[in-house]
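J.: Pasting a predicted model and its sequence here:
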Amino acid sequence: MKRFTIELPTEGANDILNVSAELKNSLGELTGEGLLHLFVVGSTVALTTMEYESGLVRHDMSDVLQRLIPDDAHYAHEATWNDDNGHSHVRAALIGPEVTVPFSNGRLLTGEYQQIVLMEFDTRPRRRTIICTVII
Amino acid sequence: MKRFTIELPTEGANDILNVSAELKNSLGELTGEGLLHLFVVGSTVALTTMEYESGLVRHDMSDVLQRLIPDDAHYAHEATWNDDNGHSHVRAALIGPEVTVPFSNGRLLTGEYQQIVLMEFDTRPRRRTIICTVII
Amino acid sequence: MKRFTIELPTEGANDILNVSAELKNSLGELTGEGLLHLFVVGSTVALTTMEYESGLVRHDMSDVLQRLIPDDAHYAHEATWNDDNGHSHVRAALIGPEVTVPFSNGRLLTGEYQQIVLMEFDTRPRRRTIICTVII
């Protein structure tokens, strides 16, 4: 087992970052078959996989989430804490904070267009930490 | 690898339980870096992470889910089985039954406010089993 | 660690396949406690667990997803690529491509009615690959 972390600055509100690109150097030295587990710290951010294409990344994902879990609806969380990110918490909990991806000889076995992405749901820029664990 | 189970009674319908609190004793003895995998048995219950705060736990999460996947809509599942938990199955399948969290020297590496939670979606109280697997 | 793959043909649009049935032979020979990680390759397909019952599989899941993330809404992805599967990408990213399930002596520790399922969201039949990794 090997542990390392990645730090990523985000721009807030629906910023979606391609994490696969960040991982290439870290995985390059690994031989054989294994699993890479990624866990993002925080309760207003999520990890998943998707095609990293401008239409999806800049429009479709945020349009759907805004329709389903609007940023301007009433959230009890906001009344209690006098903040504005109730929707961020709900979105993050539904998508989840972690993903595990198989690799082989230093190469992630994702699809040709399937990238590991971090989805920032908080309303302000954040510095995010992804805890990476290699299982071999 | 180490395997243990946690048993939790729930109150039914949108009861959200903080599992992190339950895990403290079980993890306290572990040294070094590792992963903790949690899997909840059943198809009307889910695991994820979120801030365990009253506004989110008692209001926002259930309000959003009731709007998106209402308990009183028509579900073919209910017509077939003459029960009332079609929405419970759909909610559980979309959120998922498992989560993996990194730990270090007996401490989960979740965020300060990020707790592991069990979401009960069935319409009646249940006794739930979480199968915990430690990978070191 | 042991690695194998499963190939599954799908019928497109909301086809839900029971993967647990496919796995029985592969797991039968394993002794002791372990975890099985499943990752489906592609960005318009997902893995989760659910009761494999006709009402849920043929009606409820697709009805809910069609209401939440309609196949006939506007997606920027489709305008760019002149295709018709923007909703497929969004659905897959929200549910996720992977699931980890504990096993004991060759038997998955899922609930009596809880099956591992592949959800096809693309609009045409596909041949899907699930990369399976056994951790013992």
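T.: Noted; the coordinates are in hand. Numbers count the residues shown, from 1 in each chain, chains lettered A, B, ... in the order given.
J.: Where do the helices of chain A begin and end?
T.: For chain A, helices defined by DSSP state H occupy the ranges A:19-27, A:54-55, A:61-68, A:76-81, A:86-95.
J.: Count the residues that sit near the residue in chain A that chain B sits nearest to.
T.: When distances are taken as CB to the nearest CB, chain A reaches nearest to chain B at A:A76, 3.4 Å away. The C-beta positions use only the backbone N, C-alpha and C, and glycine is treated the same way. A:A76: 18 surrounding residues under other CB atoms under 10 Å in any protein chain shown.
J.: Okay, it and A:L68: tell me how far apart.
T.: The spacing between A:A76 and A:L68, counted by CB to CB, to the nearest Å, is 18 Å.
J.: pLDDT score for A:E22?
T.: pLDDT, A:E22: 86.
J.: wait, what's in contact with it?
T.: A:6, A:8 (CB atoms under 8 Å, 6 or more residues apart in numbering or on different chains).
J.: Quick check: the gap between it and A:L118.
T.: Separation of A:E22 from A:L118 (CB to CB): 9 Å.
J.: One more: A:L38?
T.: Distance, A:L38 to A:L118, by CB to CB: 9 Å.
J.: A:V90 and B:D60 touch, don't they?
T.: Yes. With contact defined as CB atoms under 8 Å, A:V90 and B:D60 form a contacting pair (5.7 Å).
J.: So for A:L38 and A:L118, which residues contact both of them?
T.: Residues touching both A:L38 and A:L118 (CB under 8 Å, 6+ apart): A:19, A:47, A:130.
J.: before we move on, the earlier item: overlap in contacts of A:V90 and B:D60?
T.: A:Y75.
J.: Give the burial count for A:R91, as a bare number.
T.: Neighbour count of A:R91, defined by other CB under 10 Å: 24.
J.: The one 4 residues further on too?
T.: Using other CB under 10 Å, the number of residues around A:I95 comes to 23.
J.: JSON lines for the shared contacts of A:L38 and A:L118, including neighbour count and distance to chain C?
T.: Formatted as JSON lines, the shared contacts of A:L38 and A:L118 follow (neighbours: other CB atoms under 10 Å in any protein chain shown; distance: CB to the nearest CB, whole Å):
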{"residue": "A:V19", "neighbour count": "23", "distance to chain C": "13"}
{"residue": "A:L47", "neighbour count": "22", "distance to chain C": "9"}
{"residue": "A:I130", "neighbour count": "24", "distance to chain C": "16"}
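J.: Turn the residues you listed into JSON lines, columns for pLDDT and distance to chain B.
T.: As requested, the shared contacts of A:L38 and A:L118 are exported to JSON lines (pLDDT from 0 to 100; distance: CB to the nearest CB, whole Å):
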{"residue": "A:V19", "pLDDT": "96", "distance to chain B": "16"}
{"residue": "A:L47", "pLDDT": "98", "distance to chain B": "11"}
{"residue": "A:I130", "pLDDT": "98", "distance to chain B": "10"}
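J.: most centrally placed residue in chain A?
T.: A:L118 (2.1 Å; CA atoms, centre = their mean).
J.: Do I have it right that that residue meets A:V19?
T.: Yes. Using CB under 8 Å, A:L118 is in contact with A:V19, at 5.5 Å.
J.: Quickly list what's touching both of A:E22 and A:L118.
T.: Contacts common to A:E22 and A:L118, judged by CB under 8 Å, 6+ apart, are A:L8.
J.: how many neighbours does the residue nearest to A:P9 when sequence neighbours are not counted have?
T.: Nearest residue to A:P9 in three dimensions, chain neighbours excluded: A:R127, at 5.3 Å (CB to CB, 6 or more residues apart in numbering or on different chains). Other residues lying near A:R127 total 9 when counted by other CB under 10 Å.
J.: what do you get for A:C132?
T.: As a burial measure, A:C132 scores 20 neighbours (other CB under 10 Å).
J.: what residues are up against it?
T.: Going by CB under 8 Å, 6+ apart, A:C132 touches A:3-6, A:23, A:26, A:36-38.
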